[in-house]
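>>> Next one to model:
(chains A, B and C)
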Amino acid sequence: MADLNQNLALLKAACENPKARLDYYLSQGKKVIGCFPPYTPEELVHASGMVPMGLWGGHAELKLVKSYLPAFACPIMQSNMELALNGAYEGLSAVIIPAMCDTLRCMTQNWRFGVTSIPMIPIVYPQNRTSPASVDYLISEYETVLTMLSTITGNMMNEKALCESIDVYNEHHALMREFDRLANDHLDVIDPKVRHAVHKSAFFYEKSEHNAILREIVEELKKLPIHRWAGKKVVLAGITCEPDELLDIFAENRIAVVADDLAQESRQYRTDTPAKGGGGLKRLALQWNDRYGCSMIHELGKPRGEMLVKLCRENGAQGVISCMMKFCDPEEYDQPYYEADLRKADYPYVAIDIDQQNASYEQIRTRVETFCEML
Amino acid sequence: MYTFGIDIGSTSSKAVILENGQKLAACQVVPLGTGTVGPDQVRDQVLSEAGLKLEDMSYTVATGYGRMNCDGADEQVSELSCHARGIHFLLPQVRTIIDIGGQDAKAIQINERGQLVAFQMNDKCAAGTGRFLDVMAKVLNVGIDQLGPLSLQSKHPVSISNTCTVFAESEVISQLSSNVPMEDIAAGIHNSVAKRVAGMAMRLGRPTTLAMSGGVALNVGVVSAMEREMGCPVQVHPMCQLAGAIGAAVLAWEKLKKEGQF
Amino acid sequence: MRESITNTTTQAEAAPAAAPAPKPKRPKPKSMIMLGEQTNALFENARLAKERGEKVGWSASIFPQEIAETLGLNILYPENHSAGIAARHQADPFLQECEGSLGYSNDLCAYAKVNLAYASVLNGESEVELPDGGKMVKPDFLLLTNNICNQLTKWYENLARQMNIPIFFIDTCYNPFDYVTETRVRYVRAQIDQLIQDLCAFTGKTWDEERFKEVMKISQRNSYLWERANNLMDHKPAPIGGFELFNYMSAMVCNRGKTSSTAVLEQLNAEIEENIKKGTSTFPVEEQYRISWDGIACWPYLSHNLRTLKKYGINMVASSYGKAWAIEYEDLDGMARAYCFASTNGDNATTMISRRMEALKKFDCEGTIYHVNRSCKVMDCQMMEVQRQLSRQAGVPFTSFDGDQADYRNYSEAQFETRIQGLVEVMQQNKEAKNNG
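Residues are numbered from 1 along each chain as shown, chains lettered A, B, ... in the order given. Next up, the predicted model:
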C-alpha cells in the first residue's frame, strides 16, 4: 500500500509540475519534443532517442495570445500559445502539431511565426481511411516528421528502435487498459482525481518509465480487497475532464468515474499498433486506420452514442457526463447524436463546460449535484 | 408532522413550513440573501406566522446558492430539484418549467411525480436572463416593472438581433435615436430574451404543459413572448417565487416517509 | 418590400450574395438576369431529376465539380444555399431550430446550422416553414472535400447519418508547406479514381473521357473569364462596384463546368469593358478609396456594409476570391494538385500572404477590411498574424470587424461604422502624406 500511494503521488506530482519533468529529462542530456493534442506519432520521437511530452495547456492568464487567437478559440490552444509566448516551453527542441481540426490547422502557422525559438513540425493525418492510398500517404507524413526531427535535433531512428518503441507503446496501452479495469474494483482508492492523474501523467514520462510505475500500481491494486462502491458511477465523454477543482466536485458528490471517452485519456489507449503488416512505419500507419470513436477522426454513422451506451453497460455506469470543451466544434457536432442514443437507451447525461481559464466552479457544481440527484 | 424548506438565494431568502406533506402552513420571503441576516430572519418570520417553534420541525432541507451555509438544515439539495418539486406541488399537471432569474436561465423537465428528468442551463451569458432586461430598462429609462406592460402595447416590434448584451445595448440606443417608439423596442427586447431561452428549452423537446418561474416570470412581456416562441400556453403561479422552498419542504417530507419515520 | 430574390444564391468560400441588395436604381445588368436564370435552372433541373428517379447530390463548395458535371449529375450546394437564406434574412427560424430542438451548439458555422435545420425539415424531423418551398431538394448522396475547412467533414457526417445516404469523400489534406507535396497528389489522385468508380456504381452513370475533356475545357475557360473580370478592377476608377462581383460566384461554384456560365461571364466581361470604354462605373459615388475585402461577405448585413462604405467612397476592388478558381490542369493528376491548392484556407500562411500581397499590389489597394467571421474559425484563428505581416509588407493599413456569414446575431452596426471610420482616417493620412511628399 505504501508503494501504491508513493507511486500515485509521483504521478500526481508530474501532472502538477510538468516543467519539472522537462527539466529532469534535459538535465539527463535527453532531448524533449512537445506534442500537441490529440494525437502525434510519439513512437517516432521515442525511437529517435528523445522524450515526447504532451502539451495540453494549463491555467494561464491570456494576454499575448490575443494577438494570435480570437476569444472563441479552443482553451487548450489559447493556453499552449500563451505559455509558449511567455517562454514556458523553452527547452523543448521542437513541437509536433497535428492539423486535425480548424484551430489546430491555424496553430501550425501561429506557432511557426510566433514561437520562433521552438521549431514547428506539422503532420496532417489522412481522414479518408477507406482509401488504401491513405496508408502510403501517412507513411510519407511520418517520414517528413522524421526528417524534420533529425534535421533539427541531429537524432535519427532505425527500424529496430522503431519496433521496440512500438512495443513499449503497445505495452503502455495494455497497462493503462488494465489499470482502468482494476480501478473500478478500487474506487475508494482510485477516485476521479487519482484516475485522471494516472492517465495524464503518461504525457510527462518517457513511456517505459511510466510502464514501470503502472506495473507496480497494477500489482498493488490486485493485492487489495475488492471495494463495493456505494456512490454513483459515470462515464465521461469529451476532450479533457480537468482541473482538480472539477474532479473534486465529483468526489464531493460521491461520483466515481468508471470509464471514459476522453481524448486526453482512454482514446489514447484504445488502439494498438498491429504486430504484423509490414515495417514499423507501415504498422504505425495501419494503427491510424484502426482508431475509432473520436470526434476528430472521420468516421461514418455517428457511432459514439452506441459506444458510450456500451461503456455504461460494461462498467455499470448510471449515466454520462459530457465534458464539453468550450468552442470545440468537432465535439459539438457529435453531441446531439450521442445524446439521442443515450436517451434511447435510458441513460441520463449532463453537459458541463470545460474551460481552462475558468475561475469559478459554482455553476458546474450545481449541474453535477443536480445530475447526481437524477441518477 | 411539519417539514421545513428554506431557499437561500443570492438576493432573497424564502422559507416554507409544510404540514403532513400537503398543506402549506406558512410561507415567507425576505429580500436579503446569503451572507446576510436574511436566512435567520425568514426562518423566524415563518415560524412566527405558523405559531410554531424550530423544534417542531421534523426535517429541514436547505436549497439555493447559500444552502451550504445553513446551520440547522438536515440536508442540502440543489435548487433545480427543489424548484422542480415545488412547481409540481403548485401545478401538478406541468411537465416543463422555465426559470429565468437575475443571472441565469434554466429549463427543467419533470415526470408525473415531480422528479427531474432532464435540464438545460444558461449560466454563463447575460443574454436571456434578467440582467439583459435590467440593462435595457436602464437604456430606455423605464422602471424594470414597467418594461413588460410597455412591451405589450407594441404594434410593430423591432428586432434586436444581437445576442451579446453589450452590442444589443448599442442596437437599442440606435433604435431610440431613430425615434422608434419605446413600446416597439421594448417588445423587441422581450422577444430577444424569449428566443434565447426558448432555444435552450427546446433542447428538451417541445413541451406539452409549461410553467414559468423565477423573477422574470413576473414580467408579462416575457411570458407573452415565451408563449409565442414555445407555441403553448405558459402558466405562472402567483407563488412561484416560493417554489424552491416548497420543493425543499416536500423533499424533506419524502425523506421522512422513506425512512419510515411515521 | 423586399422582392424575392431570385437569382443568385451564392456560395461558399465566399459565397456571395443573393440578396435583395440595395434596391437598384438602374436596370439590372443582362449578366445578372442570365445569372438568375441559371440559378433557377440549377434548382429546377435538380427537382426534375429527382422526379425522374435520378439521384441528386449535395456538394461542398470546392469539390471537383468536373466529376459530377462529366457524369451528368445534378448537384446542389448547401453553403451557397445557406448564404442565400441568410442574405434574404430568412435564417432565424433555422438557427432557432438548430440550436433548440436539434440540440446543436451555437458555436458552429452558421452555414451548417441553417443547412442542418433545413435538412431536418426535408427529412421530416422538423417543422420549419421553408421560405423557398423546399427547392433545395433532399439529396441521395453527398460530395465532400475538406480543403476549405474541417467543419465540413463533421457537418456532412451528420447529414449522411441523418438522411442515411453515402458520402463520396476526397480528403485533400492541409498544406503546411509552400507547395502541394507529391505524396498528397498521389493520395488525392487515388481517391479521385476510386470516387469516380464508386459514384458511377451508385448513380448508374458512366465516365466518358471525351466528355471530361470537354468539361475541363469549359471549366478552364470559365476560370479564365472569372479571373479576367476580376482583373479589370485594376482600372482607376474601378468599372463596377466590387461587391457586385460576389454575385457571380454562384456561377463559379455551382455551374463552373457549364456553358451557361461561359455566357454569363462573357456578358459580364463585356459589360465591364463597356464601362471602361465609357469611363463610367456602377459604383454609385466617386471612388475615393480602393480597398480589399478579406473573408466572406457578411451576408445578412450587405446593405449596411455597402451604405457605410459608400458614405466614404470606398470601393472593394480586390478580394481573396479573384483567383479562387484559378484551377487549371490538364489531367486527373493535375486536378488532384489543383484542388489541394485551390482554397486559400488549405494553404499555409506564406501562401495566403503572397496571394493577398499580389492582389493588394495589382489593384493598388489603400486598405484592407477584414471580416472576423464568427462562423469561420479556420480563417479567424490565423488571420491576425496574416494581416499583421501583410500590412507590414505592403504598407497598407487594415481594420477588422465582427460579423458572420449567416448568423445575423453576430454583428453590430455601430462597431462596423466606427471601424470603417478609423480605417478611413488612416487611409486619408497616408494619401495626404503621399501627395505632399
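>>> Quick one: residues contacting the residue nearest the centre of chain A.
Centroid-nearest residue in chain A: residue A:264, 1.9 Å away (criterion: C-alpha atoms, centre = their mean). Counting by C-beta atoms under 8 Å, 6 or more residues apart in numbering or on different chains, residue A:264 touches A:37-38, A:56, A:199-200, A:239-242. Using the backbone N, CA and C atoms, a C-beta is placed for each residue, glycine as well.
>>> same check, this time on residue C:264
C:31, C:34-35, C:38, C:248, C:251.
>>> Now it: closest residue in space that isn't a chain neighbour?
Nearest residue to residue C:264, sequence neighbours excluded (C-beta to C-beta, 6 or more residues apart in numbering or on different chains): residue C:34, at 4.8 Å.
>>> What of residue B:216?
Using C-beta to C-beta, 6+ apart, the closest residue to residue B:216 is residue B:100 (3.7 Å).
>>> Quick check: bridge partners of that neighbour?
Counting by DSSP bridges, residue B:100 is bridged to residue B:105.
>>> Any buried residues in the one helix or strand in chain A whose mean pLDDT sits lowest, and which?
Lowest on mean pLDDT, DSSP states H and E among the helices and strands of chain A sits helix A:362-374, with a mean of 91. Neighbour counts over helix A:362-374 (16 or more other C-beta atoms under 10 Å in any protein chain shown) mark A:363-374 as buried.
>>> again with stretch C:333-350
C:335-350.
>>> next one: stretch A:272-280
Across stretch A:272-280, burial judged by 16+ other C-beta under 10 Å covers A:272-274, A:280.
>>> which strands and helices sit next to the strand or helix carrying residue C:251?
Element membership of residue C:251 [criterion: DSSP states H and E] is helix C:249-254. In terms of contacts (3 or more C-beta pairs under 8 Å, 6 or more residues apart in numbering or on different chains; DSSP states H and E), helix C:249-254 is packed against helix C:30-51, helix C:78-87, helix C:209-231, helix C:259-278.
>>> where does residue A:2 land on pLDDT?
Per-residue pLDDT puts residue A:2 at 60.
>>> Show me which residues of the stretch 101-250 of chain B sit near chain C.
B:161-164, B:167, B:170-171, B:174, B:195, B:198-203, B:205-206 (C-beta under 8 Å from any C-beta of the partner chain).
>>> how about the helices in chain B?
Taking DSSP state H, the helices of chain B run over residues B:38-50, B:79-90, B:130-140, B:144-152, B:165-177, B:182-202, B:220-230, B:243-258.
>>> TSV for the ones you listed, including mean pLDDT, mean neighbour count and distance to chain A?
Shown next, in TSV, are those (pLDDT from 0 to 100; neighbours: other C-beta atoms under 10 Å in any protein chain shown; distance: least, C-beta to the nearest C-beta, whole Å):
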stretch	mean pLDDT	mean neighbour count	distance to chain A
helix B:38-50	94	19	18
helix B:79-90	93	27	4
helix B:130-140	92	19	15
helix B:144-152	93	18	24
helix B:165-177	91	18	13
helix B:182-202	94	24	12
helix B:220-230	94	22	20
helix B:243-258	93	25	9
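>>> any chance of those helices in a markdown table, with distance to residue A:91 too?
Below are these laid out as a markdown table (distance: least, C-beta to C-beta, whole Å):
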| stretch | distance to residue A:91 |
| --- | --- |
| helix B:38-50 | 53 |
| helix B:79-90 | 47 |
| helix B:130-140 | 46 |
| helix B:144-152 | 56 |
| helix B:165-177 | 41 |
| helix B:182-202 | 46 |
| helix B:220-230 | 55 |
| helix B:243-258 | 53 |
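>>> Now do the same contact list for the closest residue to chain B within the stretch 1-150 of chain C.
Chain B sits closest to residue C:100 of the stretch 1-150 of chain C, with a gap of 3.1 Å, by C-beta to the nearest C-beta. By C-beta under 8 Å, 6+ apart, the residues touching residue C:100 are B:198-203.
>>> Pull out the buried residues from the contacts of residue A:264.
By 16+ other C-beta under 10 Å, the contacts of residue A:264 give A:37-38, A:56, A:199-200, A:239-242 as buried.
>>> Just to be sure, which of those residues are found in helices?
A:199-200.
>>> Stretch A:368-375 near chain B anywhere?
Yes: counting by C-beta under 8 Å from any C-beta, chain B is contacted by stretch A:368-375 at A:369-370, A:373-374.
>>> could I have that stretch exported to PDB, CA atoms only?
The C-alpha trace of stretch A:368-375 is given here as PDB (Å, rounded to 0.1, in the frame of the first residue of the first chain):
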ATOM      1  CA  VAL A 368     -23.200  18.000 -11.200                       C
ATOM      2  CA  GLU A 369     -25.200  18.000  -8.000                       C
ATOM      3  CA  THR A 370     -28.500  18.100  -9.900                       C
ATOM      4  CA  PHE A 371     -27.400  15.400 -12.200                       C
ATOM      5  CA  CYS A 372     -26.500  13.200  -9.200                       C
ATOM      6  CA  GLU A 373     -29.900  13.700  -7.800                       C
ATOM      7  CA  MET A 374     -31.300  12.500 -11.100                       C
ATOM      8  CA  LEU A 375     -29.300   9.300 -11.200                       C
END
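>>> Determine how far that stretch lies from the middle of the whole chain.
Once both centres are worked out by C-alpha atoms, centre = their mean, to the nearest Å, stretch A:368-375 turns out to sit 27 Å from its chain's centre.
>>> Would you mind pulling the contact partners of it?
A:232, A:234, A:249-250, A:253-255, A:318-319, A:321, A:348, A:350, A:352, B:77-78, B:80-81, B:115-119.
>>> please redo it, this time with the cut-off set to 6 Å
Identification of contacts with stretch A:368-375 by C-beta atoms under 6 Å, 6 or more residues apart in numbering or on different chains yields A:232, A:249, A:253, A:318-319, A:348, A:350, B:78, B:80-81, B:116.
>>> are any of those buried, and which?
A:232, A:249, A:253, A:318-319, A:348, A:350, B:78, B:80-81, B:116.
>>> tally of neighbours for residue A:292?
By other C-beta atoms under 10 Å in any protein chain shown, 14 other residues sit near residue A:292.
>>> residue contacts, it?
Per C-beta under 6 Å, 6+ apart, neighbours of residue A:292: none.
>>> do the one 4 residues further on as well
Residues touching residue A:296, when contacts are defined by C-beta under 6 Å, 6+ apart, comprise A:38, A:100-101, A:330.
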